[in-house]
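Novice: Below is the structure, and that's it, no one-letter string:
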Ligand SMILES: Nc1ncnc2c1ncn2[C@@H]1O[C@H](COP(=O)(O)OP(=O)(O)O)[C@@H](O)[C@H]1O
Ligand SMILES: Nc1ccn([C@H]2C[C@H](O)[C@@H](COP(=O)(O)O)O2)c(=O)n1
């Protein structure tokens, strides 16, 4: 066990020490804001991040989808869509690792905006695979044990969740337009299930712990109107507040 004053060096995880709640924390980044952009597939998260990346003093982290499409020559994202029962655990284990890696990486600016979080990976995508009968109970149990260990032992602070709330129909249209090879087989029903899980988590707040205040932005509008909404909400977002 580390004593509170000790630190440990392991690659980029150079600044861990035990906090008062007994969790591993990153030192020196307490004053940095972390904003997570959440929303359904193709709701416009990356586009939103691209827009805010033009603001100075913000570090933007998009989801590491390229890693999910190519880990040592394998494509777990594609495999999962082809056979979710076999490959769901493989993809989600890797996503959990890569999201943890992002949460723990050194923040290079006063503020970080990142796409999704380790929380939505578990509460939305793993949950959806399990509830739809496409993830065996043993796989769900193992992923849940990992997730609980991580969140109980490592502080993963989020200051604000920006929820891009969009209709599944809009997402389906945008997804077809984006035309990512692996996603061509995604039916509207899949996006409806993801939407319902997001609504229960972030709007109704009836399913899982919500780790930060939530700012809801309607995301069905065209790009010009979205930019107006981003500008209207700029101050709240940059101060990490939903009021
Ligand atoms: N407000 C919008 N109106 C129309 N198309 C949009 C809008 N926002 C994003 N798009 C397009 O929809 C697709 C998905 O957007 P993207 O930002 O990649 O979504 P996400 O990151 O949430 O999956 C892209 O082709 C993008 O250019
Ligand atoms: N935990 C997760 C996170 C994402 N995905 C899938 C959904 C999409 O096909 C792709 C990227 O998501 P987007 O940024 O376009 O919303 O990854 C998943 O299956 N599990």
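Specialist: Nice, thanks for sending it over. Just so you know, these numbers come straight off a predicted model, no measurement behind them. Ligands and ions are numbered 1, 2, ... in the order given.
Novice: packing partners for the longest helix anywhere in the chain?
Specialist: Identified as the longest helix of the chain according to DSSP state H is helix 84-104. The helices and strands touching helix 84-104, judged by 3 or more CB pairs under 8 Å, 6 or more residues apart in numbering; DSSP states H and E, are helix 65-69, helix 76-82, helix 118-120, helix 127-131, helix 137-153. (Glycine included, C-beta is placed from N, CA and C.)
Novice: So for the second one, what gets flagged as buried?
Specialist: Buried residues in helix 76-82, counted by 16 or more other CB atoms under 10 Å: 76, 77, 78, 79, 80, 81.
Novice: Does it reach ligand 1?
Specialist: No - Helix 76-82 does not reach ligand 1 (CB under 6 Å from any ligand atom); its nearest approach is 12.6 Å.
Novice: Which residue, neighbours along the chain excluded, lies closest to residue 98?
Specialist: Spatial nearest neighbour of residue 98, chain neighbours left out: residue 64 (4.8 Å); criterion: CB to CB, 6 or more residues apart in numbering.
Novice: State the distance from the one you found to ligand 2.
Specialist: The gap separating residue 64 from ligand 2 is 10 Å, by CB to the nearest ligand atom, to the nearest Å.
Novice: and that residue, how many neighbours?
Specialist: The tally of other residues near residue 64 (other CB atoms under 10 Å) stands at 15.
Novice: Residue 22 too?
Specialist: 11.
Novice: Surely it is within a helix?
Specialist: No - applying DSSP: H, G, I helix; E, B strand; the rest coil, one finds residue 22 to be coil, outside a helix.
Novice: so what's it up against?
Specialist: If a contact means CB atoms under 8 Å, 6 or more residues apart in numbering, then residue 22 has no contacts.
Novice: Would you mind measuring from it to residue 176?
Specialist: Look at residue 22 and residue 176: by CB to CB, to the nearest Å, they are 47 Å apart.
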